[in-house]
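>>> 3D, please:
(2 chains)
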There are 2 protein chains.
Amino acid sequence: MEHLKRLFDIDPWKLATNELHNTDIRLQESLTSTGNGYMGMRGNFEEGFSGDNHQGTYIAGVWYPDKTRVGWWKNGYPEYFGKVINAINFIAMDLYINDTKVDLATQTVSDFYQELDMEHGVLSRHFTIETNDMKVKFSFERFLSITTKELGVVSLKAEVLEGNGTIKVVSKLDNNVHNEDSNYEEMFWEERQVSENVVTARTVPNNFGIEQFTITALMENTATGTHTSEKETAAFLATESFTFEVKSGDVVSLDKKVVITTSRDIEEAKQLTAAQTIMTEVNASSIEELKQAHATAWEKRWELADVVIEGDDEAQQGIRFNLFQLFSTYYGEDDRLNIGPKGFTGEKYGGATYWDTEAYAVPLYLALADPSVTKNLLKYRHNQLPQAQHNARQQGLKGALYPMVTFTGVECHNEWEITFEEIHRNGAIAYAVYNYTNYTGDTEYIKNEGLEVLSEIARFWADRIHYSKRNKQYMMHGVTGPNEYENNVNNNWYTNYIAVWVLKYTLENYKKYQAETTVKLTDEEISHWEDIIANMYFPKDDELGVYVQHDTFLDKELMPVSDLAATDVPLNQNWSWDHILRSCFIKQADVLQGIYFFNDEFTMEEKRKNFEFYEPMTVHESSLSPCIHSILAAELGMEEKAVEMYQRTARLDLDNYNNDTDDGLHITSMTGSWLGIVQGFAQMKTYNEKLSFAPFLPEKWSKYAFHINYRGRLLHVLIDTDVTITLLSGDALDIEVYGDVHHVEGTMTTPVKK
Amino acid sequence: MEHLKRLFDIDPWKLATNELHNTDIRLQESLTSTGNGYMGMRGNFEEGFSGDNHQGTYIAGVWYPDKTRVGWWKNGYPEYFGKVINAINFIAMDLYINDTKVDLATQTVSDFYQELDMEHGVLSRHFTIETNDMKVKFSFERFLSITTKELGVVSLKAEVLEGNGTIKVVSKLDNNVHNEDSNYEEMFWEERQVSENVVTARTVPNNFGIEQFTITALMENTATGTHTSEKETAAFLATESFTFEVKSGDVVSLDKKVVITTSRDIEEAKQLTAAQTIMTEVNASSIEELKQAHATAWEKRWELADVVIEGDDEAQQGIRFNLFQLFSTYYGEDDRLNIGPKGFTGEKYGGATYWDTEAYAVPLYLALADPSVTKNLLKYRHNQLPQAQHNARQQGLKGALYPMVTFTGVECHNEWEITFEEIHRNGAIAYAVYNYTNYTGDTEYIKNEGLEVLSEIARFWADRIHYSKRNKQYMMHGVTGPNEYENNVNNNWYTNYIAVWVLKYTLENYKKYQAETTVKLTDEEISHWEDIIANMYFPKDDELGVYVQHDTFLDKELMPVSDLAATDVPLNQNWSWDHILRSCFIKQADVLQGIYFFNDEFTMEEKRKNFEFYEPMTVHESSLSPCIHSILAAELGMEEKAVEMYQRTARLDLDNYNNDTDDGLHITSMTGSWLGIVQGFAQMKTYNEKLSFAPFLPEKWSKYAFHINYRGRLLHVLIDTDVTITLLSGDALDIEVYGDVHHVEGTMTTPVKK
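Next comes the predicted model:
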């Protein structure tokens, strides 16, 4: 594909480049984003950049409800769209050489180098500028501490290679920022206080009863080398300027520490004091020590999470990049947070919570983190049950409808075909309850909170489904399936399937825990649900042996993606919307998403026929698509397809497959490469309380290995010519490998099946 | 229906009321709108009104391309939405009694009376205010001249009933106006010149290459009674103030004449001179003479157009109101104009041209105006053929797609389900070519311009239709039919039908005029079209004997409107959009629209079955719906239903049936009541070059009568106990009445069939 673009060199642990990609700065910025779960930012240059770029810093859970603007209002639209807001730019350090501002957009740069060290979570950069009779090499290093979440550190070193004169560094806290997606470039911030090295700002008032967030930024700058300095303030801006008189051979430096406190944790009046206290604590350590603590904490994360691939550095870099960015966004510490689709790397899509979390992220966190992390994700939805009930009421329906996009649980997306119709999302919320319970074996959640959520989702489905007298069957009209390249279709197989599954699973667990749960279903409800379960319509085609995506899908002009011209793809950038809608092309796994979720309910023959039918028509223009195809292809023994799809998942952003990474990274789909390896290549399954593997080793690879948590055990799984599973901690357990049960106490080994 | 609201008394020629409907001023303003085709305005009070109201003046063809704002951009969306813009308020006359501003929103008003004289096109009002020890009766009269289109006249009389003091009148040209539908309340005007009694303003620049319109307003005020006066200017504002020293019994007056010139006719530099010249000409006549000329011209319009109904003043008032407002909007003088859905009465919908013109207005203008008027409407579309080709290209398709909403021919609507999918509109454009040709017998247009338009529309259809291999039939997926309460459906019967009809009609005329036309079809095109004609799929249900609205309509939960609760309707104000979409309820005639258009292609049995099936599910929440149902009901002998639907059409705005007349009048559907009487009650048909009638007389009515132009004849049709048709001018002709052919030279009479 012609839009495929790779800015960084292949390296197992780094993104590194010697090239300044002047016309692709947005892409470069997205890829070098960093975050610590509490805050994060794009890989913006500290000294600024006058060319096209996107300056963006974001603080988790700090957002603004922006009034919904649509061409034509539809009844039921949410009043506002929740936007992740661009927050104070605190890395800023303007640079001057003899009063000329350093700007990589316009000046001649030599010796450029940028590196994101994923192993230790450090972003560094150096470059040399020759101007005004001086030649200076600047080196930056920065990190957002994962040991002290409120702390960001930027270190600058300037080395005078030639000439004498002055170097000036203006270290800034700059809240003069606005969202690119604001309706009219308005500011979402109002100033509260600006004083020496301190800025406090608050989100502007809104009409929707949403809290105004306040943040306080405090900086401390420490210079080495002869200098004068001056602190100044202006609107939304605190600066500390350092002027160094230098001569050839001099090396001067500036260390900047910034502490950010917010009203999410600390009320405005106490934020500065709290920041000062943190700064005092921080100052007990040197910059080097702070960095070391941070790097060690990253190493610990990798100890558990790392997937080692030998023989394919592209794949190795891909999986590590994905895990790095995912953990930079969310590591489960704060149960008020969730995983936004762009994390801290951009503004597109807004909102903080999509069904992606439940469908794609939960399996990863189940395996790579303590079960409490996943439980936090489930509790997040349980806490928002009243809002989900509100959403259902907005549509005139019973039960609960979890939102497509939200910060609070109240829907804030405003396309009718998504907001009102892409309701399969509700199924994914229920599926996560199953996933958690089935994976961990912990039944405490489902008995109470779980059943409360499940029963309300089930009530929604029962009310949304209608009985078609003519067909003597239940149907569901007017939905959008996971394939958003079809809208307002009838009887989307996936949605019908997951809806009925929710009814079944809820009834099953209700009956199981009836004595212990507070949830109460009426007899009428139970019999209505049972009637739906018995008489639901599922479109299928016996001749083709496939489940039909929706009622009239087979009436389309069916053709494979391979028949498209290169100028057609990506479709969403080349075809008008109606053209996309009436075409057969599938944005992301739809029927196949159902077969992935409920894998144990289908025969291999069914899986094969559906895969072979739908795969050729799938354009994978959603980042959530290729991993599902990779997993199914692996199961079906289609190694080449599995690897191709894995590659596309793992390097989606690194190679800019969908030509949209300049907007930010595809954070929630980053789990896909891990799923591709663990659930795909290794075929790890956990259905029916049973852990099983059936690995294959991609031809090009010599080895891959990963850890998983499973029911109190820590396992190491290594695939080379053999499958070697080592129980690192916890009780012995039965593991099925290629269908044979092994009782694993220490290490088991069996040859990889060809 | 509870929202039905009638503000004005029943009267055959007037809207009159003694009540000031303080909380319904927007509705009152809409209903008392006036216009002269060149400009128009809502029935705003000259002295202003501080309560909720909508000040609106509009000038035909003066508009602004406002940047499209949508929640989520879809590929292919137009860049701007064309808005009818609120223009200079030139009727304004602030009133003061002893320095207290007169404001009907807050003061006690007695003796209020407002009257719209539809026979003469004059709006008048009087009221008495008691304040500051004075009691004064104010009387206003105003009209927009249809003999001098640039002229508006306002006459004020103030009668001092009690007390002494001052009355001050501030006559204004006030361009401080903005559109209610502007995105951020921004002004669409910039000031060019303000001087004594003159304001020149220009629309602000835009990025879309659309011309900036300039308008100049010149006023002349003439007072009687002792007074002082003063002229002042301010931003966008010219005023002339008159202060009258008065005592009880005094009567003073002020006549205001305003001339408006625009860059549509005269370049900016010459507008003031042109306005002055017109003013000089106008000044040759007294106000009374100007009014008389205007009134006489209206009387002449009525001579031809009036529909006389005896025995039902509600119906009489309804049809006259509709014709009055329709002619106030468009009387065919300017071939650059078309008929916007709100005319000069509001801002909603924007744009100037909808398919309403071709589907609903053309039949009326064919019968009530010179054929050249309809030809102008056809030429308007022919002139915009390049833009229609552009619209098709935007969708990646061949041929031409006429826009849903436009000023220039380029689509400016931005809902994908309408913009991209409500393509049946293209059929209506072609149908108007047929209608004109068939009605007038003039084949000159179709041979050239007509076939150019038809062949390009046909090419669009041929490219938009796909072949479904599985069904071995042609289909059309992803459309929105006339029933906008379903979106993105497959094989909408109406759209499929009219598309194939266009192919047939184009081929038929191409073959007929091949020797004379410049249009060239390839053999390949011809055979492709013929293949589509032979193998198109039309959904129908043999058991029910109906054409099916679209593929899966019958799978819905079908129920009649009568099963809805009163709190459900209007659905568009009470149900969320998804609920509306998946329900069976029909916004406006859809299958029945097709049966109306192609009436001669269906048997009475088919008409009856389809009407009986669809009518009970139709909510008529489009103003374009009831007339079609009325016409078909009349044909089927369902008199009660025909009358009910006529009533709803004729009094849609007068009784605020859809609870939205406060936004403006439903101008394009105003033809519906005329269609209901002429094509419905009188069953006038013109298929196959044959004029026929089959009238019935509604039970409550004692008589109705109307005129029509038909192929060079002027006919008077009177229905009481007899059908009496009189040939007033032109050659004798054959007319079929109840199936019998009468050769009419003078008058023919036959009893009304029961």
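>>> contacting residues around the closest residue to chain B within the stretch 201-350 of chain A?
Distances between the stretch 201-350 of chain A and chain B by C-beta to the nearest C-beta are smallest at A:Y349, namely 9.7 Å. Every residue, glycine included, has its C-beta placed from N, CA and C. Residues near A:Y349 by C-beta atoms under 8 Å, 6 or more residues apart in numbering or on different chains: A:340-342, A:405.
>>> switch the cut-off to 6 Å
Going by C-beta atoms under 6 Å, 6 or more residues apart in numbering or on different chains, A:Y349 touches A:P341.
>>> Can you verify my assumption that A:E47 contacts A:Y96?
No. Using C-beta atoms under 6 Å, A:E47 is not in contact with A:Y96; the gap is 9.3 Å.
>>> between those two, who's got more neighbours?
A:E47 (23 against 19; other C-beta atoms under 10 Å in any protein chain shown).
>>> What does the pLDDT read for the more buried one?
Note for A:E47: predicted pLDDT of 98.
>>> Quick check: residues of the stretch 451-600 of chain A near chain B?
A:466, A:468, A:470, A:475, A:477-478, A:487-488, A:490, A:551-552, A:554-555, A:557, A:576-579, A:581-582 (C-beta under 6 Å from any C-beta of the partner chain).
>>> try 7 Å this time
Selection of the stretch 451-600 of chain A residues close to chain B by C-beta under 7 Å from any C-beta of the partner chain yields A:466-468, A:470-471, A:475, A:477-478, A:487-488, A:490, A:551-552, A:554-557, A:572-573, A:575-579, A:581-582.
>>> I'd like to know how many residues surround A:E508.
The burial count for A:E508: 11, using other C-beta under 10 Å.
>>> now it, what's its secondary structure?
At A:E508 the chain is in helix, as set by DSSP: H, G, I helix; E, B strand; the rest coil.
>>> roughly how far apart are it and A:W501?
10 Å (C-beta to C-beta, to the nearest Å).
>>> now do A:N509
In terms of C-beta to C-beta, A:N509 sits 12 Å off from A:W501.
>>> With A:G712 instead?
Taking C-beta to C-beta as the measure, A:G712 falls 28 Å from A:W501.
>>> most distant residue from the middle of chain A?
Here chain A reaches farthest from its C-alpha mean at A:N164, the gap being 47.7 Å by C-alpha atoms, centre = their mean.
>>> Number of residues surrounding the residue lying closest to that one once chain neighbours are set aside?
Spatially, and ignoring its direct neighbours in sequence, A:N164 is nearest to A:K247 (4.2 Å; C-beta to C-beta, 6 or more residues apart in numbering or on different chains). Counted with other C-beta under 10 Å, the neighbours of A:K247 add up to 11.
>>> residue boundaries of the strands in the stretch 151-300 of chain A?
A:151-162, A:165-174, A:189-195, A:198-203, A:214-224, A:227-234, A:237-246, A:251-262 (DSSP state E, counting those that start in this stretch).
>>> what's the answer for the stretch 351-500 of chain A, then?
Counting by DSSP E, counting those that start in this stretch, the strands of the stretch 351-500 of chain A are A:466-468, A:473-475.
>>> for those, which one ends up most surrounded?
Most buried of the strands of the stretch 351-500 of chain A, by mean neighbour count (mean count of other C-beta atoms under 10 Å in any protein chain shown): strand A:473-475, with a mean of 20.
>>> OK, contacts around the residue in the stretch 301-450 of chain A that chain B sits nearest to?
Nearest to chain B, among the residues of the stretch 301-450 of chain A, is A:F420, at 3.5 Å (C-beta to the nearest C-beta). Shown in contact with A:F420 (C-beta atoms under 7 Å, 6 or more residues apart in numbering or on different chains): A:76, A:395, B:576-578.
>>> Let me have the residues you listed in CSV, extended by neighbour count, distance to B:E141 and secondary structure.
Converted to CSV, those look like this (neighbours: other C-beta atoms under 10 Å in any protein chain shown; distance: C-beta to C-beta, whole Å; DSSP: H, G, I helix; E, B strand; the rest coil):
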residue, neighbour count, distance to B:E141, secondary structure
A:G76, 21, 46, coil
A:Q395, 23, 52, coil
B:S576, 20, 47, coil
B:W577, 23, 46, helix
B:D578, 25, 51, helix
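>>> Show me the two of those residues that sit farthest apart.
A:Q395 and B:W577 (9.0 Å; C-beta to C-beta).
>>> which neighbours do those two share?
A:76, A:420.
>>> what bits of the stretch 151-300 of chain A have low per-residue confidence?
Counting by pLDDT under 70, the stretch 151-300 of chain A contains low-confidence residues at A:183-184.
>>> re earlier: which residues do A:E47 and A:Y96 both contact?
Looking at what touches both A:E47 and A:Y96 (by C-beta under 7 Å, 6+ apart), the common residues are A:V102.
>>> Isn't A:L691 up against A:I735?
Yes. With contact defined as C-beta atoms under 7 Å, A:L691 counts as touching A:I735 (5.1 Å).
>>> Quick one: end-to-end length of stretch A:91-99, please.
Distance between the two ends of stretch A:91-99: 21 Å, counting by C-alpha to C-alpha, to the nearest Å.
>>> ugh, wrong one, stretch A:712-723
OK, stretch A:712-723 end separation, C-alpha to C-alpha: 22 Å.
>>> Now do that stretch: distance to the chain's middle.
Relative to its chain's centre, stretch A:712-723 lies at 27 Å (C-alpha atoms, centre = their mean, to the nearest Å).
>>> as a whole number, average confidence for it?
Mean predicted confidence for stretch A:712-723 is 97.
>>> who's in contact with it?
A:682, A:693, A:695, A:697, A:702-708, A:724-731, A:733, A:737, A:749-752.
>>> how about a cut-off of 8 Å?
A:304, A:681-682, A:684, A:693, A:695-697, A:702-709, A:724-731, A:733, A:737, A:744, A:749-752.
>>> Any buried residues in it, and which?
A:713, A:715, A:717-719, A:723 (16 or more other C-beta atoms under 10 Å in any protein chain shown).
>>> if we take those residues, which one ends up nearest to B:N448?
Of all the buried residues of stretch A:712-723, B:N448 sits closest to A:I719, with 75.0 Å by C-beta to C-beta.
>>> what about the closest residue to the closest one other than its chain neighbours, helix or strand, and which?
Spatial nearest neighbour of A:I719, excluding adjacent residues (C-beta to C-beta, 6+ apart): A:P695 at 4.6 Å. Using DSSP states H and E, A:P695 sits in no helix or strand.
>>> is it true that A:I667 touches A:L326?
Yes. Counting by C-beta atoms under 8 Å, A:I667 does reach A:L326; the two are 6.5 Å apart.
>>> okay, and the common contacts of these two?
Counting by C-beta under 8 Å, 6+ apart, the residues touching both A:I667 and A:L326 are A:I339.
>>> how's chain A carved up into domains?
A:33-304, A:308-676, A:682-753 (the TED database).
>>> count of residues packed around A:Y113?
When neighbours are counted by other C-beta under 10 Å, A:Y113 comes out with 15.
>>> what about stretch A:443-456, start to end distance?
19 Å.
>>> meant to ask about stretch A:239-258
So stretch A:239-258: terminal residues 13 Å apart, C-alpha to C-alpha.
>>> do stretch A:360-374 as well
From start residue to end residue, stretch A:360-374 stretches across 12 Å - C-alpha to C-alpha.
>>> quick one: contacts of stretch A:320-329?
A:12-13, A:15, A:33-37, A:40, A:118, A:121, A:301, A:305-307, A:339-340, A:343-345, A:361, A:364, A:650, A:653-654, A:665, A:667, A:670-674.
>>> Sitting in helices, which of these do you find?
When DSSP state H defines the helices, the subset of those inside them is A:301, A:305, A:364, A:650, A:671-674.
>>> Let me have these in JSON lines, adding distance to chain B as columns.
Shown next, in JSON lines, are these (distance: C-beta to the nearest C-beta, whole Å):
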{"residue": "A:R301", "distance to chain B": "36"}
{"residue": "A:A305", "distance to chain B": "35"}
{"residue": "A:L364", "distance to chain B": "29"}
{"residue": "A:A650", "distance to chain B": "28"}
{"residue": "A:T671", "distance to chain B": "25"}
{"residue": "A:G672", "distance to chain B": "24"}
{"residue": "A:S673", "distance to chain B": "28"}
{"residue": "A:W674", "distance to chain B": "30"}
